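Chemist: Got a predicted structure here, sequence first:
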Amino acid sequence: MNITQVRRVVFRKKNGNAWSVFTMEADDLGQDTIMSVNISPRLRARNSAMGTTETPIRGTLGAFAGSVTFLMDTYEKLGKAIDNWTASTYNGHSATAGQIIGGEATPDCDDSYFSVIAQGLCDDGSEADIELTRCQPSVDDDLEFGTGDTPTVTLNLHPIIYNATRHASDGYPAYSYRLGDYDTTAKKRLNASTGEYA
């Protein structure tokens, strides 16, 4: 699915018991920001007299990907997001005054990640939220200049599938993704400055 009317994208990184938060509001994102999410199960093929059929395997993910595409004039904002989440999170990328600089000599290969929450324009609570709980992002995009269209850059999120053995005590939710309400028993909104739902 492509979300073309994004009101807010919140990047949250666990910092002890609290969230370290970087928020991109509508003014930062612009009208042409697109968030893409691809979530689909693995399929099992079965042969029968009528041909081959495929059925989903419950509890599995065959495709799990996400990205946010920004206009070129948001390089500075994107650079701030990369700087905020440290170079190691971005596999050796860093940011200074809006520049995006890649290929440092000693990239850190730790298991650092953060969660991403996207909210749509007409959402007054959390019923239209999309949350990818653990992402290891990278900026790797083909840029085209001089085509007449405003150039864009894509932040690939590389979401991680939840593994109870590795992730149970990391402070992030015990699931891979969430579509819709944070709490189905009470109306809640995301506080974009603290990263908490209240």
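Modeler: Okay, I see it.
Chemist: number of nearby residues for the closest residue to A65 other than its chain neighbours?
Modeler: With Cβ to Cβ, 6 or more residues apart in numbering as the measure, N38 is the residue that lies nearest to A65, at 4.5 Å, once sequence neighbours are left out. In short, each C-beta sits where N, CA and C put it, glycine included. Other residues within reach of N38 by the criterion other Cβ atoms under 10 Å amount to 14.
Chemist: is it true that A81 lies in a helix?
Modeler: Yes - when classified by DSSP: H, G, I helix; E, B strand; the rest coil, A81 is found to be part of a helix.
Chemist: you'd agree it is up against M24?
Modeler: Yes - taking Cβ atoms under 8 Å as the definition, A81 is a contact partner of M24 at 7.1 Å.
Chemist: Name the residues contacting each of those two.
Modeler: When contacts are counted by Cβ atoms under 8 Å, 6 or more residues apart in numbering, A81 and M24 are jointly contacted by F11.
Chemist: Give me the neighbour count for A49.
Modeler: Using other Cβ under 10 Å as the criterion, A49 is surrounded by 4 other residues.
Chemist: Can you tell me how far A65 is from Y162?
Modeler: Using Cβ to Cβ, to the nearest Å, one obtains 15 Å as the distance from A65 to Y162.
Chemist: ditto for P151
Modeler: According to Cβ to Cβ, P151 stands 35 Å off from Y162.
Chemist: same thing with S67?
Modeler: Plainly put, S67 is 20 Å away from Y162 if you go by Cβ to Cβ.
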